[in-house]
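Participant: quick one, structure for this:
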Amino acid sequence: MGHSISACPIASRVWVEKAKPSPPSDQNVDVSKSIPDPEINSQNPPELPTETVPCEHAQVPTRVRSNVAKKVSLEVNPRFLWHHNYEHHPGGRIWVGWNPNVWNVSIIASTAQQTTCSVFHNNSDISFVISFIYGLNSSAGRRVLWQELSALLPSLSNRPWVCSGDFNVCLCTSEKQGGSTSWSRGMIDFKELLIQLGLSDLRGMGCFLTWRNSSIEDPKFCKLDRVVVNDHWLSTFPMSLVNFMARGLSVHCPATTSLGINHERRFKNFQFFNHLIEHPNFKEAISEAWSVTYMGDPWYSLTRKLKRVKDSLKRLNSIVGDIHLRVQAARSALYDFQSSLPSPPSADQLSFQSSLVETFAAALKDEEAFLKQKSRVKWLKCGDGNNKFFYNSCKSHWNVNKVLSLEDADGVVHHNHNSIAQIVVSYFEDILGKCSEVNPFPEDLSLPVLSDDQAVDLIAPFSARDIFSLKSMVIWKVFLVERLGFVKDIRSLLICL
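Facilitator: Residues are numbered from 1 along each chain as shown. As a prediction, the model looks like this:
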């Protein structure tokens, strides 16, 4: 299970993992694993996950001299290729190993605190950039690391980028328990760096506070280890997930990051998007769907009409098509036509160009409204072409709220969407679906009772005035949520139930 160096006359106190078989290329794969800075008992090494790790790094002050690093690396896995940063730090703080049969890895930059690699999968078009981080203890020392990462940004801004490791600093005071809870200069620098680089925490599971000290009398917990990614990573690997495992005998929590490539297609619930209101056939589609008369119970009639309206909106949305593809097509048509325009252009050509401009502008407007609604950003007004901002907000919102794994009552972790949904349903069925003893209602309890006149009023038919009051109340409530444009468009479609 492990390799003990305590018995070795050359080096001491390091534990490394035995070689593992490489995963098939069509499976979910973990792209990184951090082995942090433990005071390890060589006779009882900490348990690590059994899943395969095709690209891993070790952040261990191994006390292994550079002249024996190659020998120790071969003990870990003789088939792996290895990179060490001994030339930048005498302790060789970061070791990166990968299976060349699965990954093609090239080192972009390597320093005392980070090693950045360009990674390509040999049997697919998967590629990304990964930075293995091991920050220094001092704030001044970490500023050098922040400068190094900032210098990498121009060349990595258009590629999926993940930074994984021990940053040796918290992001905010809520990530600390015990000790000082005040803001430090190092925390502010770290927060500003993530904003500058456009990096955010990858959705995670497991331990939140990933580090603890060794004191029993004065325990301290912090989140020093994290995995942060850019927007391109969230777009390329939307199902990716980091798992912070139990620390075992270590003071840090090991972390595994899964690409989550194999995500299943699933049914999506119906959503109404505001840009459909601008469609010329919107009112006609709603009126036609609602005008059908159903005989029977009023509640049945209402539900059937609502279903017809939903189906009509689905058909209208399919006619509109994919908004992003429509924007790309309109942009390409305009740019291609402008590139082929002679000098000077004719009146017909200028008129056709104006029509292309209008089509492109309308597509951009619909995309902006769509993305704003999806991103749930309420404070930024439309009309400024903030599509990129809204799109990034959508990805950030999805990353925070996605549920990619769930543990059932038996302790089994499920990653399949249908299994996760069934666990949630079963959980609430156990709470709400069981018969339980009901306490008898006290007969001597005095409660206010409706009079006969009030009871008759409750079952009386609706009057025209009641319906008008309800209609006015609906408009007033919509007015409060600041959707005046929407109210104006649907005012003539309000239905009296």
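Participant: so where does Trp82 fall, helix or strand?
Facilitator: Using DSSP states H and E, Trp82 sits in strand 81-84.
Participant: ok, then the element right after that strand?
Facilitator: strand 95-98.
Participant: so which elements touch that following strand?
Facilitator: With contacts taken as 3 or more Cβ pairs under 8 Å, 6 or more residues apart in numbering; DSSP states H and E, strand 95-98 sits against strand 55-58, helix 66-76, strand 81-84, strand 114-121. For the C-beta atoms, the positions are set from N, CA and C on the backbone; glycine is no exception.
Participant: partners of it in the sheet?
Facilitator: strand 55-58 (antiparallel), strand 81-84 (antiparallel) (DSSP bridges).
Participant: what mean pLDDT does the first one get?
Facilitator: It stands for strand 55-58. Computed over strand 55-58, the mean pLDDT rounds to 41.
Participant: redo the helices and strands packed on strand 95-98 as TSV? Include mean neighbour count and distance to Phe352.
Facilitator: As requested, these are exported to TSV (neighbours: other Cβ atoms under 10 Å; distance: least, Cβ to Cβ, whole Å):
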stretch	mean neighbour count	distance to Phe352
strand 55-58	24	52
helix 66-76	15	65
strand 81-84	18	57
strand 114-121	20	44
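Participant: turn these into a markdown table, columns for distance to Trp290.
Facilitator: Putting the helices and strands packed on strand 95-98 into a markdown table (distance: least, Cβ to Cβ, whole Å) gives the following:
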| stretch | distance to Trp290 |
| --- | --- |
| strand 55-58 | 57 |
| helix 66-76 | 68 |
| strand 81-84 | 66 |
| strand 114-121 | 52 |
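Participant: pick out the shakiest of the ones you listed, pLDDT-wise.
Facilitator: Looking at these, the bottom one is strand 55-58 with a mean of 41.
Participant: so for Pro100, what's the pLDDT?
Facilitator: 90.
Participant: quick one: contacts for Arg304?
Facilitator: Val292, Tyr294 (Cβ atoms under 8 Å, 6 or more residues apart in numbering).
Participant: let's verify it: helix, strand, or coil?
Facilitator: helix (DSSP: H, G, I helix; E, B strand; the rest coil).
Participant: what sits closest to Ala112 if chain neighbours are left out?
Facilitator: Nearest residue to Ala112 in three dimensions, chain neighbours excluded: His89, at 4.0 Å (Cβ to Cβ, 6 or more residues apart in numbering).
Participant: surely Leu194 is in contact with Val229?
Facilitator: No - counting by Cβ atoms under 8 Å, Leu194 does not reach Val229; the two are 10.7 Å apart.
Participant: which of these two has more residues huddled nearby?
Facilitator: Val229 (27 against 18; other Cβ atoms under 10 Å).
Participant: quick one: contacts for that one?
Facilitator: Pro160, Trp161, Val162, Cys163, Leu199, Ser200, Leu202, Ser240.
Participant: what about those, which are in helices?
Facilitator: Among those, no member falls in helices (criterion: DSSP state H).
Participant: ok, these vs Asp225, which is closest?
Facilitator: Checking the contacts of Val229 against Asp225 by Cβ to Cβ gives Cys163 as the nearest, at 11.3 Å.
Participant: mind listing the residues bridging to the residue nearest to that closest one when sequence neighbours are not counted?
Facilitator: Leaving aside its sequence neighbours, Cys163 sits nearest to Ser131 (Cβ to Cβ, 6+ apart; 4.4 Å). Beta bridges link Ser131 to Thr116, Cys163, judged by DSSP bridges.
Participant: does Ser131 touch Thr116 like I think?
Facilitator: Yes - the pair Ser131 / Thr116 is scored as a contact, 4.4 Å apart, by Cβ under 8 Å.
Participant: which neighbours do these two share?
Facilitator: Leu152.
Participant: that older thread, shared neighbours, Leu194 and Val229?
Facilitator: By Cβ under 8 Å, 6+ apart, the residues touching both Leu194 and Val229 are Ser200.
Participant: strands of the stretch 201-350 of the chain, residue ranges please.
Facilitator: Here the stretch 201-350 of the chain has its strands, by DSSP state E, counting those that start in this stretch, at 204-206, 211-212, 221-222, 225-229, 241-244, 255-258.
Participant: now those strands in TSV, with distance to Pro448 and mean pLDDT?
Facilitator: Below are the strands of the stretch 201-350 of the chain laid out as TSV (distance: least, Cβ to Cβ, whole Å; pLDDT from 0 to 100):
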stretch	distance to Pro448	mean pLDDT
strand 204-206	50	83
strand 211-212	57	88
strand 221-222	53	90
strand 225-229	57	91
strand 241-244	54	87
strand 255-258	59	86
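Participant: what's the most buried one of these?
Facilitator: strand 225-229 (a mean of 26; mean count of other Cβ atoms under 10 Å).
Participant: list the neighbouring strands of that strand plus their orientation.
Facilitator: Counting by DSSP bridges, strand 225-229 is paired with strand 161-166 (antiparallel), strand 200-201 (antiparallel).
Participant: the inter-axis angle of the helix or strand that Ala151 is a member of versus strand 161-166?
Facilitator: In the assignment (DSSP H and E), Ala151 maps to helix 139-156. Counting by axes from the mean of the first three to the mean of the last three Cα atoms, to 10 degrees, helix 139-156 lies at 160 degrees to strand 161-166.
Participant: number the chain from 892, please
Facilitator: Right, with 892 as the first residue, what we last looked at is helix 1030-1047.
Participant: helix 1030-1047 to strand 1005-1012, inter-axis angle?
Facilitator: Interaxial angle of helix 1030-1047 relative to strand 1005-1012 (the same axes, to 10 degrees): 30 degrees.
Participant: so what touches helix 1030-1047?
Facilitator: 999-1000, 1002, 1004-1005, 1007, 1020, 1022, 1024, 1026-1027, 1054, 1058-1060, 1075-1077, 1080-1081, 1084, 1087-1088, 1121.
Participant: coming back round to it: what does the strand holding Trp973 contact?
Facilitator: Contact with strand 972-975 is made by 957, 960-961, 964, 983, 985-989, 991, 996, 998, 1001, 1006, 1008, as judged by Cβ under 8 Å, 6+ apart.
Participant: switch the strands of the stretch 1092-1241 of the chain over to JSON lines; also include distance to Leu1349.
Facilitator: Listed next are the strands of the stretch 1092-1241 of the chain as JSON lines, based on distance: least, Cβ to Cβ, whole Å:
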{"stretch": "strand 1095-1097", "distance to Leu1349": "50"}
{"stretch": "strand 1102-1103", "distance to Leu1349": "61"}
{"stretch": "strand 1112-1113", "distance to Leu1349": "57"}
{"stretch": "strand 1116-1120", "distance to Leu1349": "57"}
{"stretch": "strand 1132-1135", "distance to Leu1349": "52"}
{"stretch": "strand 1146-1149", "distance to Leu1349": "57"}
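Participant: which one of these lies nearest to Glu1258?
Facilitator: strand 1116-1120 (24.1 Å).
Participant: for the closest one, output the C-alpha coordinates as PDB.
Facilitator: Extracted in PDB, the C-alpha atoms of strand 1116-1120 (Å, rounded to 0.1, in the frame of the first residue of the first chain):
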ATOM      1  CA  ASP A1116      -6.100  23.800   0.300                       C
ATOM      2  CA  ARG A1117      -8.400  24.600  -2.600                       C
ATOM      3  CA  VAL A1118      -9.000  24.100  -6.300                       C
ATOM      4  CA  VAL A1119      -9.800  27.200  -8.400                       C
ATOM      5  CA  VAL A1120     -10.700  27.300 -12.100                       C
END
